[in-house]
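In: build me a structure from this.
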Amino acid sequence: MLDGILRIQPWYLPQYLVPVLGMVLGNSLTGVSLATERFTSTLVNDRERIEGLLALGATRREAVRGPLREALRAGMIPTLNSMAVMGVVSLPGMMTGQILAGADPTTAVRYQVVIMFVIACTTTLACLAWLELAFRRLFDVQHRLRVERLVQR
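Out: Predicted coordinates:
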């Protein structure tokens, strides 16, 4: 991304890589946390319905298709909200910093748009991967919900 889209050479210099990775990882962590919380709380709250679907012959994936979709949606809310208001209601930190440092505003906007798309993609992929791991951990190959693996707080 740093080399191909933004044409930063070399892309691995810490002055470029560290801030971008910090933004990407921070946003991905927020998304994964929200998605995990939504998925596990839905499993706890809808346990009877999910186990009923499993008892009626649904596969484990069919039984939790809705909760997985809702969990992914919940994980993406902060990123989508940031993208919706970027430049209109709020100025993101990286763009503001570049403008204050004297960079051309159009270049700062271009960087910020690319960063927001990268954040959206990595957050989506991180949420999907984490939800798949949680799904595999909470359901066994016999299509049973493993409630004992959920910890109540």
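In: okay, which residue is most central for this structure?
Out: Thr123 (2.9 Å; C-alpha atoms, centre = their mean).
In: how about the biggest helix by length in the chain: buried residues?
Out: Counting residues, the longest helix found in the chain (DSSP state H) is helix 105-138. Neighbour-count burial for helix 105-138, counted by 16 or more other C-beta atoms under 10 Å, picks out 108-109, 111-116, 118-120, 122-124, 126-128, 130-131, 134-135, 138. Where you see a C-beta, it was placed from the backbone N, CA and C, and this is true even at glycine.
In: distance check, Leu138 against Leu128.
Out: Distance, Leu138 to Leu128, using C-beta to C-beta, to the nearest Å: 16 Å.
In: so which residues of the chain form helices?
Out: Going by DSSP H, the chain shows helices at 14-45, 47-55, 60-63, 65-85, 93-100, 105-138.
In: got the angle for the fifth one vs helix 14-45?
Out: Angle, helix 93-100 to helix 14-45, by axes from the mean of the first three to the mean of the last three C-alpha atoms, to 10 degrees: 150 degrees.
In: before we move on, the earlier item: does the residue nearest to the centre of the chain touch Ala74 like I think?
Out: No. Under the criterion of C-beta atoms under 8 Å, Thr123 makes no contact with Ala74, lying 11.6 Å away.
In: for the chain, what helix or strand is lowest in average pLDDT?
Out: When each helix and strand of the chain is scored by mean pLDDT, DSSP states H and E, helix 93-100 comes last, with a mean of 81.
In: for that helix, buried residues please.
Out: For helix 93-100, by 16+ other C-beta under 10 Å, it's 94-95, 98.
In: export that helix to CSV, keeping only CA atoms.
Out: C-alpha atoms of helix 93-100 as CSV (Å, rounded to 0.1, in the frame of the first residue of the first chain):
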residue,chain,number,x,y,z
GLY,A,93,-5.6,13.2,12.9
MET,A,94,-3.2,12.2,10.1
MET,A,95,-4.7,14.6,7.7
THR,A,96,-4.8,17.5,10.2
GLY,A,97,-1.1,16.8,11.2
GLN,A,98,0.0,16.8,7.6
ILE,A,99,-1.8,20.1,6.8
LEU,A,100,-0.4,21.7,10.0
